[in-house]
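Novice: requesting a structural model of the entry that follows:
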Amino acid sequence: FAGEYKALLALDDVIARPDPDAITHFLHTGYCRPDECFLADIRPIPPGHGITFGLDRPAPADRRRFALPGPDTRARPPEAHAAGLEAALTDAVRRRLLPAGPPPTRPIGVSLSGGVDSAFMLAAIRACRPDADIHSFTVGHGEDDPEIEGARLAAAHMETHRREVSLAPRVLAANRPDAIAHVEDPIGNEEYPCLYAMGRVAAAHVDTLFIGNGSDTLFA
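Specialist: A predicted model of the protein is given here:
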């Protein structure tokens, strides 16, 4: 097992054979089934599932879905729900922060856009580590890009070291082969070449990069 195809394809007995059924399903619907990918010899474990392997059987067995807690539907005033959400998200950020070491400590990186998710994450980091050296990284397509404009406001308010990555079409085209190699599945990741370019810049300045990409679906 592995977190990406490339690690499995390095094995001699795993061949990069396409799965025609999975590819056909994707072309018709725009998505892959949760237990399929484009390669016939590799199968993902769907979210919220586990697989138990026995030493006496080569095939996976006992696939089961984990029981997840249901949503909190208690009747409470809106302020209480908002406070609960803030506490849960702040705790999630706190648990992922590395322990503060002796000076000089490494800066913390944040992928900052003009959206609510990354701005909240930045505020949560600042609340957990008031004196932290925070570097924010924003990718966009020019000075008037709303992502860059919104990120500047949040970065100034939270006092971060701001770095902006502006991508021209020729830069996107140059990054595309490496971005595709890293993401592996070209599904729902139109923004990935932008994130890849930003990540390359961030890697030169920070060891840890917080990113809120996709969190807007959680809020919805």
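Novice: can you pull out the helices in this structure?
Specialist: 5-9, 20-29, 78-96, 116-128, 146-158, 169-183, 192-202, 215-219 (DSSP state H).
Novice: can you say which of the ones you listed is nearest to residue 53?
Specialist: In terms of C-beta to C-beta, the element of those nearest to residue 53 is helix 5-9, at 15.2 Å. From N, CA and C alone the C-beta is placed, and that goes for glycine too.
Novice: what comes up buried for stretch 112-120?
Specialist: 112-115, 117-120 (16 or more other C-beta atoms under 10 Å).
Novice: tell me how far the ends of that stretch are from each other?
Specialist: Length of stretch 112-120, first residue to last, C-alpha to C-alpha, to the nearest Å: 10 Å.
Novice: return the residues in contact with the residue of the chain most remote from its centre.
Specialist: Residue farthest from the centre of the chain, counting by C-alpha atoms, centre = their mean, is residue 56 at 36.9 Å. By C-beta atoms under 8 Å, 6 or more residues apart in numbering, the contact list for residue 56 is empty.
Novice: hmm, residue 120 is touching residue 92, no?
Specialist: No. Under the criterion of C-beta atoms under 8 Å, residue 120 makes no contact with residue 92, lying 10.8 Å away.
Novice: if we can go back for a sec, in a markdown table, list the helices of the chain along with distance to residue 38.
Specialist: Shown next, in a markdown table, are these (distance: least, C-beta to C-beta, whole Å):
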| stretch | distance to residue 38 |
| --- | --- |
| helix 5-9 | 9 |
| helix 20-29 | 6 |
| helix 78-96 | 31 |
| helix 116-128 | 29 |
| helix 146-158 | 30 |
| helix 169-183 | 12 |
| helix 192-202 | 16 |
| helix 215-219 | 23 |
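Novice: nearest to residue 136, out of those?
Specialist: Of the helices of the chain, nearest to residue 136 by C-beta to C-beta is helix 146-158, at 4.7 Å.
Novice: and the angle for that closest one with helix 192-202?
Specialist: 40 degrees (axes from the mean of the first three to the mean of the last three C-alpha atoms, to 10 degrees).
Novice: please identify the buried residues of helix 146-158?
Specialist: 147-148, 150-152, 154-155, 158.
Novice: what's the closest of the residues you listed to residue 192?
Specialist: So of the buried residues of helix 146-158, ranked by how close each gets to residue 192 (C-beta to C-beta), first place is residue 147, at 15.2 Å.
Novice: how close does that closest one get to residue 131?
Specialist: 28 Å (C-beta to C-beta, to the nearest Å).
Novice: which pair in the buried residues of stretch 112-120 spans the largest distance?
Specialist: Farthest pair in the buried residues of stretch 112-120, by C-beta to C-beta: 114 and 120, 12.7 Å.
Novice: burial measure for the residue lying closest to residue 47 once chain neighbours are set aside, as a count.
Specialist: With sequence-adjacent residues excluded and distances taken as C-beta to C-beta, 6 or more residues apart in numbering, residue 47 is closest to residue 34, at 7.1 Å. Here the number of neighbours of residue 34 (other C-beta atoms under 10 Å) works out to 12.
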